[in-house]
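Student: Sequence and predicted structure are below.
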Amino acid sequence: MAFCAKCGSSVADGVAFCPKCGAPVAGTAPVSGGSVGAPAATGLSENVAAMLSYVLGWLTGIIFLVIDKRPFVRFHAAQSIVVFGALTILRILLTFFFLGGYSFGLFWLWSMLSLLLTLAFFVAWILLMVMAYQGKMFEIPIAAGIAKSIAGSTKV
């Protein structure tokens, strides 16, 4: 068990950043084989770039997948594309299925499903940004495998 040099809180082994204040923890192994705090061509540290790949969903995922070559950032960018792209496509398909034929009798069902999908989108968005900022490899079960193949790396 390590302790944060900035705020003094306890930090679990293998975690690169303090979960309380976000400061880098000295003596931890890098997350992706490179230096966790080292900026790339974007000028951002690895954890910040990974977090920002989730900010606007699949759009920022595409941007960071193209501009950043670090495996940790590329994985999170690809996972952003897969997760939020799938949720966006699902929402479009639900809209066409329930409202495409002007069947307003199913409007209440579409509203409930849309609300649940929006809640899932929001929870995933917050959770993935926090985990990426903390330097953790949080993998969504099906999406992570697809993201690893998109990122071009099976080992992150």
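Tutor: Arrived safely, thanks for sending.
Student: From here on, just use CA atoms for contacts and neighbour counts.
Tutor: Will do.
Student: okay, now Phe3: neighbour count?
Tutor: 15 (other C-alpha atoms under 10 Å).
Student: tally of neighbours for the closest residue to it other than its chain neighbours?
Tutor: Closest residue to Phe3 apart from its sequence neighbours, by C-alpha to C-alpha, 6 or more residues apart in numbering: Ser10 at 4.4 Å. By other C-alpha under 10 Å, the residues close to Ser10 number 14.
Student: Could you identify the helix or strand that succeeds the strand or helix carrying Phe72?
Tutor: For Phe72, the element it lies in under DSSP states H and E is helix 71-99. Per DSSP H and E, the first helix or strand lying C-terminal to helix 71-99 is helix 107-133.
Student: From the contact counts, what lies against that following helix?
Tutor: Applying 3 or more C-alpha pairs under 8 Å, 6 or more residues apart in numbering; DSSP states H and E, one finds that helix 107-133 makes contact with helix 46-52, helix 71-99.
Student: can you tell me how far Glu139 sits from Ala147?
Tutor: From Glu139 across to Ala147, the span is 9 Å (C-alpha to C-alpha, to the nearest Å).
Student: So for these two, which sits in the more crowded spot?
Tutor: Taking neighbours as other C-alpha under 10 Å, Glu139 and Ala147 compare with Ala147 leading, 24 against 16.
Student: what about the more buried one, which helix or strand?
Tutor: Here Ala147 is assigned to helix 141-151, by DSSP H and E.
Student: Just want the angle from that helix to helix 71-99.
Tutor: Computed by axes from the mean of the first three to the mean of the last three C-alpha atoms, to 10 degrees, the angle separating helix 141-151 from helix 71-99 equals 120 degrees.
Student: So what touches helix 141-151?
Tutor: Here helix 141-151 makes contact (C-alpha atoms under 8 Å, 6 or more residues apart in numbering) with Leu65, Pro71, Arg74, Phe75, His76, Ala77, Ala78, Gln79, Ile81, Val82, Val83, Thr154.
Student: Okay then, goodbye and thanks.
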